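**Student:** Can you look at this prediction? I've put the sequence above it.
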There are 2 protein chains.
Amino acid sequence: MAVTLADVAARARVSAATVSRVLSGNYPVAESTRTRVLRAVDELEYVVNGPASALAAATSDLVGVLVNDIADPFFGIIAGAVQSEMGAPGGGPGRGGEKLAVICSTGGSPERELMYLTLLQRQRAAAVVLTGGAAEQPDHAAAVATKVSRLAASGTRVVLCGRPPLEDSVTLAFDNRGGARRLTEHLVTLGHRRIGYVAGPSERTTTRHRLEGHLAALAAAGLDEDAERLTVHGLYDRPSGYDATLELLRRDGDLTAIVAANDTIALGVCAALRDRGRRIPEDVSVAGFDDLPFSADAVPSLTTVRLPLHEAGIRAGRLALGREPQPPGGVAMVRGELMARASTAPPPRG
Amino acid sequence: MAVTLADVAARARVSAATVSRVLSGNYPVAESTRTRVLRAVDELEYVVNGPASALAAATSDLVGVLVNDIADPFFGIIAGAVQSEMGAPGGGPGRGGEKLAVICSTGGSPERELMYLTLLQRQRAAAVVLTGGAAEQPDHAAAVATKVSRLAASGTRVVLCGRPPLEDSVTLAFDNRGGARRLTEHLVTLGHRRIGYVAGPSERTTTRHRLEGHLAALAAAGLDEDAERLTVHGLYDRPSGYDATLELLRRDGDLTAIVAANDTIALGVCAALRDRGRRIPEDVSVAGFDDLPFSADAVPSLTTVRLPLHEAGIRAGRLALGREPQPPGGVAMVRGELMARASTAPPPRG
DNA sequence: TTGAAAGCGGTACCAT
DNA sequence: ATGGTACCGCTTTCAA
């Protein structure tokens, strides 16, 4: 049906083996034959059969990227960066090393995470990048750890991005604890005393780490008495931020600042504050986390921790492709930058 | 190295053929053997070899999804919806029909679009979903059309989503012209006379269609004299919206409304207006397009055309999987809903 | 430098 | 209902 290697070989009057060598380019071939083969490839519009190639070579050029939610720009930026690292231009038939990124949206579900890992194992993926905080249920964590080991054992490189280190893999860890701590410390320095916190789902590592940083800052300032009461958990989405804010205002109408566990939540926080007649930042300061392109518009924050998502994605991609040496200890820490916009600092009322 | 079908067959004391039948589930097998095989699969932690399977069956369970920019929520929503349509839960070893969505970010580049199509052809993808407006350069359009035909010829189903119909494929077309027309008509009805328009890149079909709708509405109201002067082109991103707005204000400082070709642009429009001291919507109304989750926060629009992106993605997925019958004529029109928020209507000054 | 041929791991047709 | 067995298209020794 479709054009095969044999067809090309016949037209170029060489053996299939030679064509294969020309295309993979990792074997010496006479220049004259080489051009002859390439011409045949061109004339026949030959396109390599990926599955056959993967079967014979025991590895495919697929790279899996697991994200919580593909519609969330946070993951979109990382995934896009990973993918951009894969694509060497010039998509001729030759396997110029171009990899294909398979982006899988787990919706935060541990089951789907495992399902996708299995699917990628089935595809004999060259590498897998796992992004986003991990679920903390012990059994699922163990299942994931096992899967990761299986993948690694079958030659799939595994890169963890923004989640706790695991055996048989490299990790790019975000400094969530430190970033969150500096964020709240900054608010405290400005004089805020009643600070609300809108956290993510409690069973995620990212959620816990950011919350720990926040609490550490409060404790250091002796403000941890009300901490628990002024913390509300939700999902990492806008509606949760909205609802959580209403709840916070119910618990303490005199808050002067609200820290959102991420920018998407901060969006909802702002909307709720506006709907309750609070001006931002004159009445209440809002602080965010992450590095979303629209956050500057939507979150007129007093202060923000900007995570270098794009760079992190690029590095994750390089690690996945083995283009970058393993970090010492297998873990590289990625720090967020504290962005304080003093001009929008609100007058603390506390 | 890895566990193979033969291993499972041996352990279950059946032939490889039987194991294959049990796993694909599309052939009668005695219940007793069936359970025996499944147990062996379980005990051996067998995972099908995708490439081998794809080679033998001459089709893979990969579905390609091409988007302009994975970090743009517009495409994220569509891609996520397509993917959710692929994943039947229960990721056991059996090929329960679960497909793997390969999301490819072209960055709007025609070359990369072609490259990814080739890559997907190489993978023998089961289907390909092309989203986003097409480039209008004749040669590229022809190249894409050819590629699509090649793909279709080799058994890959092709679905076009939000782009002009093509041979050998089904199309889900957004009613950009109609939506944009109704948007501007609404502004005109409210009394606006000086309406600016921030368009996307001029070589995209989406851009042209939306602009045509806008111009048609202006022409119908006899307002098309200044239309060209009050139209600025840019990219579909925030910075372009910002810059374009500054340019518009330079050309006519008395605009009472600005229509943005999409919500991302609208974000930039709002930012620029604020930076220039204009209040929204009291001084200037901003209108958007699309259906981004944060647009309600970021774009306090007078009016918006809400495209049902999620539903469109779902339908695209169904069409790609052949779960939905082809629409009559191969083209299904998806209309956007006009969302007018009367309460935020500004007083037209014109 | 090039060719011949043995797999790689399933699938599906043909028997039984 | 099950087994035997040619392929599927490419990669990679091993020879020449």
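**Tutor:** Cool, got the structure. Numbering: from 1, shown residues only, chains lettered A, B, ... in the order given.
**Student:** Every contact and neighbour count from this point should use C-alpha atoms.
**Tutor:** Noted.
**Student:** Can I take it that residue A:288 is in a strand?
**Tutor:** Yes. Counting by DSSP: H, G, I helix; E, B strand; the rest coil, residue A:288 is part of a strand.
**Student:** Nearest to the spatial middle of chain A, which residue is it?
**Tutor:** Among the residues of chain A, the one closest to the centroid is residue A:131, at 4.0 Å (CA atoms, centre = their mean).
**Student:** Apart from its neighbours in sequence, what residue is nearest that residue?
**Tutor:** Here the nearest residue to residue A:131 in space, its sequence neighbours aside, is residue A:161; by CA to CA, 6 or more residues apart in numbering or on different chains that works out to 4.6 Å.
**Student:** ok, that neighbour - contacts?
**Tutor:** A:129-132, A:171-174, A:312, A:316 (CA atoms under 8 Å, 6 or more residues apart in numbering or on different chains).
**Student:** Recalculate using a threshold of 10 Å.
**Tutor:** Each residue near residue A:161 by CA atoms under 10 Å, 6 or more residues apart in numbering or on different chains is listed here: A:66-67, A:78, A:129-133, A:170-174, A:312-313, A:315-316, A:331-334.
**Student:** Out of those, which end up buried?
**Tutor:** Those of these that meet the buried threshold are A:66-67, A:78, A:129-133, A:170-174, A:312-313, A:315-316, A:331-332, A:334, by 16 or more other CA atoms under 10 Å in any protein chain shown.
**Student:** Okay, and which of those residues map to strands?
**Tutor:** Within those, residues falling in strands by DSSP state E are A:66-67, A:129-131, A:170-174, A:331-332, A:334.
**Student:** And the pLDDT for residue A:300?
**Tutor:** Residue A:300 carries a pLDDT value of 63.
**Student:** ignore the last one, residue A:144
**Tutor:** 95.
**Student:** try the one 10 residues further on
**Tutor:** At residue A:154, the pLDDT value in this model is 90.
**Student:** can you pull out the helices in the stretch 51-200 of chain A?
**Tutor:** With DSSP state H, counting those that start in this stretch as the criterion, the stretch 51-200 of chain A has helices at A:73-86, A:110-122, A:138-153, A:176-189.
**Student:** Please read the previous query as pertaining to the stretch 201-350 of chain A.
**Tutor:** Using DSSP H, counting those that start in this stretch, helices in the stretch 201-350 of chain A cover A:205-220, A:238-251, A:263-275, A:295-298, A:309-321.
**Student:** ranking those helices by mean pLDDT, which is last?
**Tutor:** When I compare those, helix A:295-298 is least confident, with a mean of 63.
**Student:** contacting residues around residue A:123?
**Tutor:** Contacts of residue A:123 by CA under 10 Å, 6+ apart are A:51, A:54-55, A:59-64, A:117, B:47-54, B:60-62, B:100.
**Student:** Surely residue A:51 and residue B:119 touch.
**Tutor:** No. Checked against CA atoms under 10 Å, the pair residue A:51 and residue B:119 is beyond contact range at 11.7 Å.
**Student:** Same drill for these two, tell me which one is more crowded.
**Tutor:** residue A:51 (28 against 25; other CA atoms under 10 Å in any protein chain shown).
**Student:** For that one, report the pLDDT, please.
**Tutor:** 95.
**Student:** Next one: the closest residue to residue A:100 other than its chain neighbours relative to residue A:149, how far apart?
**Tutor:** Nearest non-adjacent residue to residue A:100, counting by CA to CA, 6+ apart: residue A:62, 4.9 Å away. Distance of residue A:62 to residue A:149, computed by CA to CA, to the nearest Å: 18 Å.
**Student:** number of nearby residues for residue A:26?
**Tutor:** If you count neighbours by other CA under 10 Å, residue A:26 ends up with 9.
**Student:** Check whether stretch A:112-128 comes near DNA strand D.
**Tutor:** No. Using CA under 7 Å from any atom of the strand, stretch A:112-128 never reaches DNA strand D; the gap is at least 13.5 Å.
**Student:** That stretch near DNA strand C at all?
**Tutor:** No. Between stretch A:112-128 and DNA strand C, judged by CA under 7 Å from any atom of the strand, nothing touches; the nearest distance is 8.6 Å.
**Student:** got the CA positions of that stretch in PDB?
**Tutor:** Presented in PDB, the C-alpha positions along stretch A:112-128 are these (Å, rounded to 0.1, in the frame of the first residue of the first chain):
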ATOM      1  CA  ARG A 112      -5.300   8.500  35.000                       C
ATOM      2  CA  GLU A 113      -1.700   9.300  35.800                       C
ATOM      3  CA  LEU A 114      -1.000   5.600  36.100                       C
ATOM      4  CA  MET A 115      -3.000   4.800  33.000                       C
ATOM      5  CA  TYR A 116      -1.000   7.300  30.900                       C
ATOM      6  CA  LEU A 117       2.300   5.900  32.300                       C
ATOM      7  CA  THR A 118       1.100   2.400  31.100                       C
ATOM      8  CA  LEU A 119       0.100   3.800  27.800                       C
ATOM      9  CA  LEU A 120       3.500   5.400  27.400                       C
ATOM     10  CA  GLN A 121       5.200   2.200  28.500                       C
ATOM     11  CA  ARG A 122       3.200   0.400  25.800                       C
ATOM     12  CA  GLN A 123       4.500   2.900  23.300                       C
ATOM     13  CA  ARG A 124       8.000   2.300  24.400                       C
ATOM     14  CA  ALA A 125       8.400   6.000  24.900                       C
ATOM     15  CA  ALA A 126      12.000   7.300  24.800                       C
ATOM     16  CA  ALA A 127      11.300   9.500  27.800                       C
ATOM     17  CA  VAL A 128       8.600  10.600  30.200                       C
END
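**Student:** List the buried residues of it.
**Tutor:** Neighbour counts over stretch A:112-128 (16+ other CA under 10 Å) mark A:112-128 as buried.
**Student:** Looks like residue A:7 contacts residue A:47 (just checking).
**Tutor:** No. The pair residue A:7 / residue A:47 is not scored as a contact, 11.4 Å apart, by CA under 10 Å.
**Student:** In terms of packing, which of those two has more residues around it?
**Tutor:** Of the pair residue A:7 and residue A:47, residue A:47 is the one with more neighbours under other CA under 10 Å, namely 21 against 16.
**Student:** now that one, what's its secondary structure?
**Tutor:** Following three-state DSSP, residue A:47 is assigned to coil.
**Student:** Could you report the separation of it from residue B:50?
**Tutor:** Noted for residue A:47: a distance of 19 Å to residue B:50, by CA to CA.
**Student:** Same question for residue A:70.
**Tutor:** Using CA to CA, residue A:70 is found at 24 Å from residue B:50.
**Student:** Tell me how chain A divides into domains.
**Tutor:** What automatic domain parsing lists as the domains of chain A is A:5-174, A:176-306.
**Student:** who's in contact with the residue of the stretch 101-250 of chain A found nearest DNA strand C?
**Tutor:** Closest to DNA strand C within the stretch 101-250 of chain A is residue A:122: 8.6 Å, counting by CA to the nearest atom of the strand. By CA under 10 Å, 6+ apart, the contact list for residue A:122 reads A:116, A:151, B:46-53, B:93.
**Student:** same thing with residue A:219?
**Tutor:** Neighbours of residue A:219 in contact, by CA under 10 Å, 6+ apart: A:213, A:225, A:227.
**Student:** Considering these, which possesses the most neighbours?
**Tutor:** residue A:213 (22 neighbours).
**Student:** Overlap in contacts, residue A:7 and residue A:47.
**Tutor:** Residues touching both residue A:7 and residue A:47 (CA under 10 Å, 6+ apart) are residue A:41.
**Student:** what's the residue nearest to residue A:100 in contact with, if anything?
**Tutor:** A:50, A:54, A:86, A:98-102, A:120, A:123-128, B:102, B:123.
**Student:** With residue A:168 instead?
**Tutor:** Taking CA under 10 Å, 6+ apart, we find residue A:168 in contact with A:145-146, A:148-153, A:156-159, A:330.
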